[in-house]
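Undergrad: got a predicted model here, sequence first, then my questions.
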Amino acid sequence: ACILPNLIHFNIQIKACAKQEPTPDYRGLLHWLAVMKKNGIRRNAQTFNTALPAFTKCGAMDEADKLFKEMEHNGINADAYTFTHLIRGCSRLKGGPDPAMALRYLRMMASRGLEANTINYNAAMYVYAKAGDLAGALVLLREMELEELIPDKFTFTSLILCCANTKPQPDYKRALSFLDEMRSRKIPPDIIAMTNAITACARAGELGAALQVMVDIESQGLKPTVFTMSSMIHACAMNDPPNGHLAKRYVEQMKASGLKPTIHTYSCAIRAIAKSHDLDGAEVILEEMENNGYLRDKTDHRKILTSLIDACASKVANPDPSRAFRYLKRIEDNELHADTRTFGSVINVCAKAGDLEKAERILVRMKKKGLFPDEVVFNSLIHACANAADPHPSLATKFLNYMREVGLEPTIQTFGSAMDAYAKSGNVTGAAALLEELQRSGMKPNVIIYNCLLNACATQSTTDPKMAMRILESMKQRGLEPDSYSYGAAIHAYSKAVPGDVLGAESLMNAMKTQGVEPNLYTYNGLIHACANADPPNPRMALTWMEEMKARGLKPDIRTYTTVVDSMSKAKEFDLAEALLVEMEEEGEKPNLFVYSALIRAAHVRLDAPRTAKYLQSMREKGVKGDTVAFNYAMNTFIKTKDAENAEKLLEEMENNGLYAGTKAKTKTLESFRRRFYALKKSKKPSTNNSAAQPATTPT
């Protein structure tokens with residue numbers, strides 16, 4: 001008689017722990033169950049049916065499973081309700097959802113004489129959805145239909161969520177098809193199903209599809225939730241390109257409708273706005289978060305500032321290291337503890353801006369703090385060494401070695417970037433040494449690696465076509481098929497030989513076609529350059545290759561036109577060159593400084609002052625700024641032909657544009673032209689004395 005009140009008392013305490021929000025009181029549950037056991041109080045069905053679901057809500061499946069086994073041991077049969085909680089609890093495990101465990105509980109029901117119902121299947125479907133296992137979820141759906149269980153709203157909501165969680169790429173199209181299937185089955189999609197579909201679209205970067213779901217929500221009279229609006233803002237951030245303007249509008253719309261943005265909402269908005277190149281607008285949102293107490297957690301605060309640093313790298317063609325450093329200082333001033341991710345983002349900004357000195361300084365700071373970059377950061381740095389205006393192969397090697405020091409193994413892409421730095425510097429020896437190192441590391445070089453080596457052959461000051469041919473043969477011996485870039489680099493090696501080897505380049509082009517490799521713009525430009533660099537230059541052949549390009553559907557670029565004009569200028573084919581200038585402009589290619597310099601240099605050889613003046617005037621009209629080389633040739637032409645008028649005009653331009661300032665050599669050149677011009681002007685000035693009016697006498 002005295003046991004009953006104690007059992008009731010403990011069940012009340014366990015129920016109170018189970019009802020704690022937002023999650024049950026895990027420690028309280030363990031405490032009261034332990035006290036019951038210590039006092040020898042036998043647990044009844046109410047105890048199990050209260051404690052077991054509470055443990056599953058905490059994700060404590062070990063404890064829930066122990067209770068389940070004890071329950072059966074005590075002769076208390078688990079019902080469908082108990083199994084539903086056990087199955088659903090598999091979605092809350094600390095290590096992530098476990099569909100296999102959920103399926104095991106579902107199958108266990110049959111062995112206990114229980115028929116799984118739609119609710120049980122929906123619980124299992126939710127576990128698959130959380131795990132993003134769409135294939136497994138579809139198997140469950142077919143099984144439900146075989147068991148003549150009708151999928152309901154919750155079934156499809158889980159399936160749509162599963163599409164959003166699918167890796168590596170969310171299946172937003174399947175998610176939208178499930179919405180259509182719900183409608184065809186006369187199951188009106190609710191706001192949760194719609195929100196899950198928007199989430200799938202957002203993660204796939206499909207803002208347009210997300211907007212269409214939003215239109216459906218409005219047309220059905222559904223009220224968007226905080227999660228709905230947050231997912232739409234996430235879609236704005238993930239779209240390509242991001243839509244910061246729309247993200248800002250959704251934030252304002254949330255506030256106007258009484259929905260309080262969460263930290264996730266604001267974070268997505270900041271990413272969308274920052275990635276839309278509106279860092280000032282992103283900072284306004286950040287300030288709002290700080291003022292409203294959203295960023296009390298230092299980790300959240302640091303992550304958002306790090307996302308702003310990331311955006312500094314993605315500013316269109318203009319990475320902003322100074323702003324990135326300002327955000328880094330803000331992190332450090334607020335003691336937010338910059339981590340590897342933060343420093344790596346700053347390094348990435350510096351690398352994209354080509355400021356390798358600042359990037360290296362950050363590496364030193366990281367090292368002092370005991371932090372080390374990851375593979376992504378190192379690859380970004382080495383890639384920047386190759387893409388700098390003045391490539392830094394030695395620095396690329398330094399980063400490669402430091403990568404190994406911190407325990408990271410370079411990948412084939414890492415070696416490729418380092419080799420590219422040597423290739424762009426024309427350092428074949430360095431590129432070849434890296435190839436050997438790559439092979440010693442157990443990696444097999446691919447076509448891209450060999451192309452780097454071929455590019456080094458084509459870029460070095462004294463090209464070596466024979467070495468390029470040996471590299472091509474080595475590729476074939478390894479079972480690698482040279483591509484258009486491989487042949488193109490070898491052709492460029494022939495074109496840059498002194499003089500350009502047209503026959504060698506053409507032979508490679510024919511071999512390339514025989515192998516079924518389609519020539520590209522790079523290949524043709526190499527051939528045309530060989531014609532321009534030949535002795536004598538062959539502009540007619542260059543034109544022939546350009547016509548073949550067009551016949552293959554390839555549009556000549558500025559390099560093509562420049563090289564053909566250069567060949568014509570060297571051959572003194574001015575009429576052809578000028579006709580090509582007209583064609584360039586008709587094709588939308590604006591003649592550049594290299595084109596005009598070639599023409600002015602050729603006109604200088606013939607001392608053709610009128611053509612020189614014509615080309616200079618054309619440059620001025622088209623806004624092409626001259627350089628010292630073009631001006632020097634033009635000035636020499638005017639002075640040697642005694643064209644004082646054009647010489648005076650050009651001298652004034654040379655004095656005013658600042659090109660000849662800064663070095664003694666340039667100043668000396670300008671002064672020399674000035675003296676020669678004044679001497680010319682003086683010789684052209686008529687004499688005013690009386691003797692000048694008399695007929696000239698023959699000197700004795």
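TA: Thanks, I have it.
Undergrad: can you give me the buried ones in stretch 133-141?
TA: Within stretch 133-141, the residues scored as buried using 16 or more other CB atoms under 10 Å are 133-134, 136-137, 140-141. C-beta: built from backbone N, CA, C; applies to glycine.
Undergrad: so, low pLDDT: which residues of the stretch 301-450 of the chain?
TA: Along the stretch 301-450 of the chain, segments meeting pLDDT under 70 span 315-317.
Undergrad: show me where it has helices.
TA: All helices of the stretch 301-450 of the chain, identified by DSSP state H, counting those that start in this stretch, fall at 321-333, 340-352, 356-368, 375-387, 393-405, 412-424, 428-440, 447-459.
Undergrad: farthest pair in the buried residues of stretch 133-141?
TA: Asp133 and Leu141 (12.2 Å; CB to CB).
Undergrad: thought Ile192 was touching Thr157?
TA: Yes - shown here, Ile192 and Thr157 form a contact pair, counting by CB atoms under 8 Å, at 5.4 Å.
Undergrad: out of the two, which sits in the more crowded spot?
TA: Using other CB atoms under 10 Å as the criterion, Ile192 and Thr157 rank with Thr157 on top: 25 against 17.
Undergrad: tally of neighbours for the closest residue to that one other than its chain neighbours?
TA: Leaving aside its sequence neighbours, Thr157 sits nearest to Ala193 (CB to CB, 6 or more residues apart in numbering; 4.5 Å). Ala193: 25 surrounding residues under other CB under 10 Å.
Undergrad: for Ala193, give its distance to Leu176.
TA: The gap separating Ala193 from Leu176 is 11 Å, by CB to CB, to the nearest Å.
Undergrad: hang on, the earlier thing: and the helices of the stretch 301-450 of the chain as TSV, adding mean neighbour count?
TA: Conversion of those to TSV gives the following (neighbours: other CB atoms under 10 Å):
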stretch	mean neighbour count
helix 321-333	17
helix 340-352	24
helix 356-368	17
helix 375-387	22
helix 393-405	19
helix 412-424	24
helix 428-440	17
helix 447-459	24
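Undergrad: mind checking which of those helices is nearest Ser276?
TA: Of these, nearest to Ser276 by CB to CB is helix 321-333, at 15.3 Å.
Undergrad: now that closest one and helix 356-368, what's the angle there?
TA: Interaxial angle, helix 321-333 versus helix 356-368 (axes from the mean of the first three to the mean of the last three CA atoms, to 10 degrees): 20 degrees.
Undergrad: next, the angle helix 340-352 makes with helix 321-333.
TA: 160 degrees.
Undergrad: who are the packing partners of helix 321-333?
TA: Packed against helix 321-333 by the contact rule (3 or more CB pairs under 8 Å, 6 or more residues apart in numbering; DSSP states H and E) you find helix 298-313, helix 340-352.
Undergrad: that helix: how far from the chain's middle?
TA: 22 Å (CA atoms, centre = their mean, to the nearest Å).
Undergrad: got it, and stretch 103-120?
TA: 47 Å.
Undergrad: ok, residues contacting it?
TA: With CB atoms under 8 Å, 6 or more residues apart in numbering as the test, stretch 103-120 has contacts from 77-80, 83-84, 86-87, 90, 121, 124, 136, 144, 147, 149-152, 155.
Undergrad: any idea how far apart the tips of it sit?
TA: End-to-end span of stretch 103-120 (CA to CA, to the nearest Å): 10 Å.
Undergrad: quick one: average pLDDT of that stretch?
TA: Averaged over stretch 103-120, pLDDT sits at 93.
Undergrad: where does this protein dip in pLDDT?
TA: Counting by pLDDT under 70, the chain contains low-confidence ranges at 1-5, 315-317, 684-700.
Undergrad: mind listing what's buried in the longest helix belonging to the chain?
TA: In the chain, assigned by DSSP state H, the helix with the most residues is helix 664-684. Under the neighbour-count criterion of 16+ other CB under 10 Å, helix 664-684 has 669-670, 673, 676-677, 680 buried.
Undergrad: next, format these as TSV and append distance to Gly113.
TA: Shown next, in TSV, are the buried residues of helix 664-684 (distance: CB to CB, whole Å):
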residue	distance to Gly113
Thr669	102
Leu670	103
Phe673	106
Arg676	111
Phe677	110
Leu680	114
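Undergrad: show me what contacts Leu149?
TA: 117-118, 121.
Undergrad: which of those residues lies closest to Ser257?
TA: Among the contacts of Leu149, Thr118 lies closest to Ser257 (CB to CB), at 34.4 Å.
Undergrad: can I get the helix or strand Arg249 falls within as PDB, trimmed to CA atoms?
TA: When elements are assigned from DSSP states H and E, Arg249 belongs to helix 244-256. Taking Å, rounded to 0.1, in the frame of the first residue of the first chain, the C-alpha atoms of helix 244-256 are listed here in PDB:
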ATOM      1  CA  GLY A 244      21.600  41.600 -52.200                       C
ATOM      2  CA  HIS A 245      18.800  44.100 -53.100                       C
ATOM      3  CA  LEU A 246      16.100  41.400 -52.900                       C
ATOM      4  CA  ALA A 247      17.600  40.100 -49.600                       C
ATOM      5  CA  LYS A 248      17.300  43.500 -48.000                       C
ATOM      6  CA  ARG A 249      13.700  43.800 -49.200                       C
ATOM      7  CA  TYR A 250      12.800  40.500 -47.600                       C
ATOM      8  CA  VAL A 251      14.400  41.500 -44.300                       C
ATOM      9  CA  GLU A 252      12.300  44.700 -44.300                       C
ATOM     10  CA  GLN A 253       9.200  42.700 -45.300                       C
ATOM     11  CA  MET A 254       9.800  40.400 -42.300                       C
ATOM     12  CA  LYS A 255       9.900  43.300 -39.900                       C
ATOM     13  CA  ALA A 256       6.800  44.900 -41.400                       C
END
